[in-house]
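Enquirer: just a sequence and a predicted model for now, questions to come.
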Amino acid sequence: MLGQTTRTQTEMTKDLNKKVILYSSIAFGITWTIAFGIYSLFNKGALTNYQLNLYHSFAAIGPTIAALITTYSFYGKTGVKKLVGKIGLRVIDKKTILFIVSPLVFFGLGFLIYPFIKSSGYSFRNFANLNWSDINEITVWLLPLLTYSIFEEIGWRGFLLPQLQEKYTAWKATILLIVIWALWHIPFFFYRFDFSLGISIGFFFGIFVGAIILTSIYNSSKGMMLPVMIFHFLNNLCSEFDKEIIVAVLSVGFVFLAIYIYWKLGTENLSTNNRIRNYFIE
């Protein structure tokens, strides 16, 4: 009996590794090809800065295509239907709703603190004048906030997280996901983010904190993807308006929220609900 159990666990681990490797290879391959491709064209003068930022939005498609292909490869058409069926919303508790809209809460707090640190209050008009000169500028600013919120979550939370949570606790599954998710972002440091040790550490720490919150929202929402998409979008949106005071308040707020989730909700599920396991085999 012990040998049979051990063999089953070994087979489950090998099966999980195959799914993670296939998914990651496709997600990285698509996103990195697009990202490094447009960066190369930009350096050669074939793309303007506007075009670079516009095409950057399409690099987000990697995790979604990877999720669809890997799901079909292992679970067929039925699995794909189950994946697509998770793009929705169920009735969720008030605490989870607060987690989802927490970027707006922390943004509001940062907005109130802003004039106490600066000589005047935060000006949305000045931001609009600098960043939204015409409809094209607004499109380039808004589009990646939407595409990365949607297409990343279909892959990372919709497919990969429940695969990992089938074998591991929510905490360990999240840590494993963080490593893959963080490495996936590497090309963006060549043209989208400032490349420095301090910014890199801050960015990857933000990935760490954000992933904990996203796992909690995902499990609390019983595996539905719309809640994590909304949180992801609100975080992206609120982080864009100010890179100093407001984003610092957001970061600190998320740290305290992640600590609360870890200590109060527990590492087994990071949620009051049971963690979402591999729903493709149900």
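Expert: Looks like it came in fine. Numbering: from 1, shown residues only.
Enquirer: so residue 111 touches residue 250, yeah?
Expert: No: assessed by C-beta atoms under 8 Å, residue 111 is found out of contact with residue 250, at 10.8 Å. Yep, even glycine has a C-beta here, placed from its N, CA and C like the rest.
Enquirer: between those two, which one's more packed in?
Expert: residue 250 (23 against 18; other C-beta atoms under 10 Å).
Enquirer: any idea which element the more buried one lies in?
Expert: Following DSSP states H and E, the helix or strand that holds residue 250 is helix 245-260.
Enquirer: buried residues of that helix, list them for me.
Expert: Buried residues in helix 245-260, defined by neighbour count with 16 or more other C-beta atoms under 10 Å: 245, 246, 247, 249, 250, 251, 253, 254, 257, 258.
Enquirer: please report the distance of the last one from residue 18.
Expert: Taking C-beta to C-beta, to the nearest Å as the criterion, residue 258 is separated from residue 18 by 31 Å.
Enquirer: got it, and the third one?
Expert: Distance, residue 247 to residue 18, by C-beta to C-beta: 39 Å.
Enquirer: got it, and the fifth one?
Expert: When C-beta to C-beta is the yardstick, residue 250 and residue 18 sit 38 Å from each other.
Enquirer: tell me the spacing between residue 60 and residue 135.
Expert: As judged by C-beta to C-beta, residue 60 and residue 135 stand 21 Å apart.
Enquirer: let me fix that, I meant to ask about residue 100.
Expert: Counting by C-beta to C-beta - residue 100 and residue 135 are separated by 29 Å.
Enquirer: so residue 60 and residue 135 - more neighbours on which side?
Expert: Neighbour count, other C-beta under 10 Å: between residue 60 and residue 135, residue 60 has more, with 23 against 8.
Enquirer: check contacts around that one.
Expert: 31, 144, 147, 148, 150, 151, 152 (C-beta atoms under 8 Å, 6 or more residues apart in numbering).
Enquirer: which residue ranges of the stretch 151-282 of the chain form helices?
Expert: 161-167, 170-184, 197-220, 226-240, 245-260 (DSSP state H, counting those that start in this stretch).
Enquirer: residues in contact with the lowest-mean-pLDDT helix or strand in the chain?
Expert: Ranked by mean pLDDT, DSSP states H and E, the weakest helix or strand in the chain is helix 124-131, scoring a mean of 85. Applying C-beta under 8 Å, 6+ apart, the contact partners of helix 124-131 are 137, 141, 241, 242.
Enquirer: residue 113: helix or strand, and which one exactly?
Expert: helix 102-117.
Enquirer: just the C-alphas of that helix, formatted as PDB.
Expert: C-alpha atoms of helix 102-117 as PDB (Å, rounded to 0.1, in the frame of the first residue of the first chain):
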ATOM      1  CA  SER A 102      -8.500  47.600  -1.800                       C
ATOM      2  CA  PRO A 103      -6.400  49.400  -4.500                       C
ATOM      3  CA  LEU A 104      -9.100  52.100  -4.600                       C
ATOM      4  CA  VAL A 105      -9.100  52.300  -0.800                       C
ATOM      5  CA  PHE A 106      -5.300  52.700  -0.500                       C
ATOM      6  CA  PHE A 107      -5.400  55.100  -3.500                       C
ATOM      7  CA  GLY A 108      -7.900  57.300  -1.700                       C
ATOM      8  CA  LEU A 109      -5.700  57.200   1.400                       C
ATOM      9  CA  GLY A 110      -2.700  58.200  -0.600                       C
ATOM     10  CA  PHE A 111      -4.700  61.000  -2.200                       C
ATOM     11  CA  LEU A 112      -5.500  62.400   1.200                       C
ATOM     12  CA  ILE A 113      -1.900  62.100   2.500                       C
ATOM     13  CA  TYR A 114      -0.400  63.700  -0.600                       C
ATOM     14  CA  PRO A 115      -0.900  67.400   0.300                       C
ATOM     15  CA  PHE A 116       0.700  66.800   3.700                       C
ATOM     16  CA  ILE A 117       3.900  65.700   2.000                       C
END
